[in-house]
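*Asks:* Quick one, what's the 3D model for this:
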Amino acid sequence: MVKEGILYDKTYENKGEVFKKDIHFISRNYKLYPALKQDPALLEQIKEIEAEINNRIYYYIPKEKIGEITPQIQDGDIILITTGQEGLDTAHLGFAVREKHTLKLLHASSTGKKVMITSGSLEDYIRQIPSFTGIMIGRIVN
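*Replies:* Next up is the predicted model:
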């Protein structure tokens, strides 16, 4: 998406730090995905994609620094939530929404079983889930 000029990664310019992980979750857990289990060619394609991801440089904002950069996040920005889970880079996604000057997250909640806006701030939401390590910020190019 970034290559095509549709989405711009705003993470680095907002005090982003290097986010380096060995991404391999899908290929090492392929039995969880019926299509990959049935088609070895698809599994090879996944391995190639993971290798390509591992060759890129990504940035993230650690959870303890989110509060510092919330003024730079705009309504509608895409928020990718990074995870400490081995082999995986992001674990959740939502959209930035401001309500009464508080930055929140519009997302599909697995606990709420619906699309909803967090009751508290984005920063509080990220802080309360131990496996979440921070965020990446994407912005649609106008």
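*Asks:* Give me the secondary structure label for residue 79.
*Replies:* Residue 79 falls in the strand class when you classify it by DSSP: H, G, I helix; E, B strand; the rest coil.
*Asks:* next one: residue 82
*Replies:* strand.
*Asks:* Which strand or helix spans residue 48?
*Replies:* Element membership of residue 48, judged by DSSP states H and E, is helix 40-54.
*Asks:* which helices and strands does that helix pack with?
*Replies:* helix 25-28, helix 34-38 (3 or more Cβ pairs under 8 Å, 6 or more residues apart in numbering; DSSP states H and E). Backbone N, C-alpha and C define where each C-beta goes, glycine included.
*Asks:* Counting by contacts, list what the first one packs against.
*Replies:* Pointing back at helix 25-28 there. Going by 3+ Cβ pairs under 8 Å, 6+ apart, helix 25-28 lies up against helix 40-54.
*Asks:* chain center to the helix it packs on: distance?
*Replies:* In terms of Cα atoms, centre = their mean, to the nearest Å, the centre of helix 40-54 is found 19 Å from the chain centre.
*Asks:* Next secondary structure element downstream of that helix?
*Replies:* Criterion used, DSSP H and E; the element after helix 40-54 is strand 58-62.
*Asks:* What lies in contact with whichever helix or strand comes after that following strand?
*Replies:* Once strand 58-62 ends, the next helix or strand along the chain (criterion: DSSP H and E) is helix 66-69. Here helix 66-69 makes contact (Cβ atoms under 8 Å, 6 or more residues apart in numbering) with 14, 15, 61, 122, 123, 126, 134, 135.
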